[in-house]
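[1] got a sequence here, can you model it:
(2 chains)
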Amino acid sequence: AQSVTQLGSHVSVSEGALVLLRCNYSSSVPPYLFWYVQYPNQGLQLLLKYTSAATLVKGINGFEAEFKKSETSFHLTKPSAHMRDAAEYFCAVSGPNTGNQFYFGTGTSLTVIP
Amino acid sequence: KAGVTQTPRYLIKTRGQQVTLSCSPISGHRSVSWYQQTPGQGLQFLFEYFSETQRNKGNFPGRFSGRQFSNSRSEMNVSTLELGDSALYLCASSFLAGLGDEQYFGPGTRLTVT
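    Numbers count the residues shown, from 1 in each chain, chains lettered A, B, ... in the order given. Predicted coordinates for the structure are as follows:
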C-alpha cells in the first residue's frame, strides 16, 4: 500500500522567511510524487511533480521539492515566503501498483505573518 | 484550454434526498476521479472512471455511485443523503491516466445536508 505523511498540520512563517513543508511517503517501489496547493473555496492546483527524471523539481510560484529516496521524503521549500503563499498544501503519491489512484496527505496549512 | 468545470458550485439538500453532481473534464482528458473533502477526514478518494469504465473505487458505501459518458463528462450520485455527506466534492481529470500523469482539479461542489 502507498501512503503519505505530512508532518505539521499548521506551519507559520514570517514574510520573507524560508518555507519548509514536510512530506514522507511509504512505498516499496519508487512512486510518483506531487504537491498541490488549495486556496480557500477553490480546488487543488498542481505546484510540481516528481516522476524520476530529476531529484530536484522546480514548480510554480518559486516552489521546489527534492526527492530523497534514502529518507523517503519529498519536502516542499520556497526561499522567501509571500503573503499570497498562505494556503493549504497537499502532498500526494501514486504508483505502479495503484494505476492512477492518488493518495493524499492530510494537508499542511501555511500561515504567512507580515 | 478550459479547465475542469463542476456544477453546481453550491447545493443544499435535506437528509434522505438524493443528489447528482456533474463534472466536465479538460478537453481530451479521458480519466475522471472524484474526491470527498471534509475538515475531519481530509481528501478521500471516491472512484475513478476511464473510458466510461470504473477503474478504481475507494472505501465508500454503495450510496455513492458514478458514471462517465462517451464525451468523458462524469456524474456522481449520492442517494439517501446523511448529515455526514456534507463536504466539498472535487472532481479531477487527467489525460491518459498513465502512471505519473498529474490530475487537474475543478473548483468543487459544496454540498450541505440539513
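
[2] identify each of the strands in the chain and give its residue range.
    I'll assume chain A. For chain A, the strands defined by DSSP state E occupy A:3-5, A:10-14, A:19-21, A:24-26, A:32-38, A:44-50, A:56-58, A:64-68, A:73-78, A:87-94, A:103-104, A:108-113.

[3] that's the wrong chain, I wanted chain B
    Listed in chain order, the strands of chain B (DSSP E) span B:5-7, B:10-13, B:19-24, B:31-38, B:42-50, B:53-57, B:64-68, B:74-78, B:87-94, B:104-105, B:109-113.

[4] partner strands of the first one, with direction?
    Here strand B:5-7 is paired, per DSSP bridges, with strand B:19-24 (antiparallel).

[5] repeat for the last one
    Using DSSP bridges, the strands paired with strand B:109-113 in its sheet are strand B:10-13 (parallel), strand B:87-94 (antiparallel).

[6] how about TSV for these, with mean pLDDT and mean neighbour count added?
    For every residue, glycine as well, the C-beta is placed using N, CA and C. Output for the strands paired with strand B:109-113, formatted as TSV (pLDDT from 0 to 100; neighbours: other Cβ atoms under 10 Å in any protein chain shown):
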stretch	mean pLDDT	mean neighbour count
strand B:10-13	97	13
strand B:87-94	95	24
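
[7] reformat the ones you listed as CSV; add distance to A:T5.
    What follows is the strands paired with strand B:109-113, written out as CSV (distance: least, Cβ to Cβ, whole Å):
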stretch, distance to A:T5
strand B:10-13, 32
strand B:87-94, 21
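
[8] I'd like to know which of the ones you listed is closest to A:G43.
    With Cβ to Cβ as the criterion, A:G43 lies closest to strand B:87-94 of the strands paired with strand B:109-113, at 5.7 Å.

[9] returning to that earlier point: just send the strands of chain A back as a markdown table, with mean neighbour count too.
    Formatted as a markdown table, the strands of chain A follow (neighbours: other Cβ atoms under 10 Å in any protein chain shown):
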| stretch | mean neighbour count |
| --- | --- |
| strand A:3-5 | 16 |
| strand A:10-14 | 14 |
| strand A:19-21 | 19 |
| strand A:24-26 | 18 |
| strand A:32-38 | 24 |
| strand A:44-50 | 21 |
| strand A:56-58 | 14 |
| strand A:64-68 | 18 |
| strand A:73-78 | 21 |
| strand A:87-94 | 23 |
| strand A:103-104 | 20 |
| strand A:108-113 | 16 |
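
[10] the residue of chain A at minimum distance from chain B - nearest residue in space that isn't next to it in sequence?
    Of all residues in chain A, A:G43 sits closest to chain B, at 3.7 Å by Cβ to the nearest Cβ. Nearest residue to A:G43, sequence neighbours excluded (Cβ to Cβ, 6 or more residues apart in numbering or on different chains): B:F105, at 3.7 Å.

[11] just checking, the one you found touches A:Q45?
    Yes: with contact defined as Cβ atoms under 8 Å, B:F105 reaches A:Q45; the gap is 7.2 Å.

[12] which bits of chain B sit near chain A?
    Applying Cβ under 8 Å from any Cβ of the partner chain, one finds that chain B approaches chain A through B:4, B:31, B:33, B:35, B:42-43, B:45, B:48, B:50, B:55-56, B:90, B:92, B:94, B:97-108, B:110.
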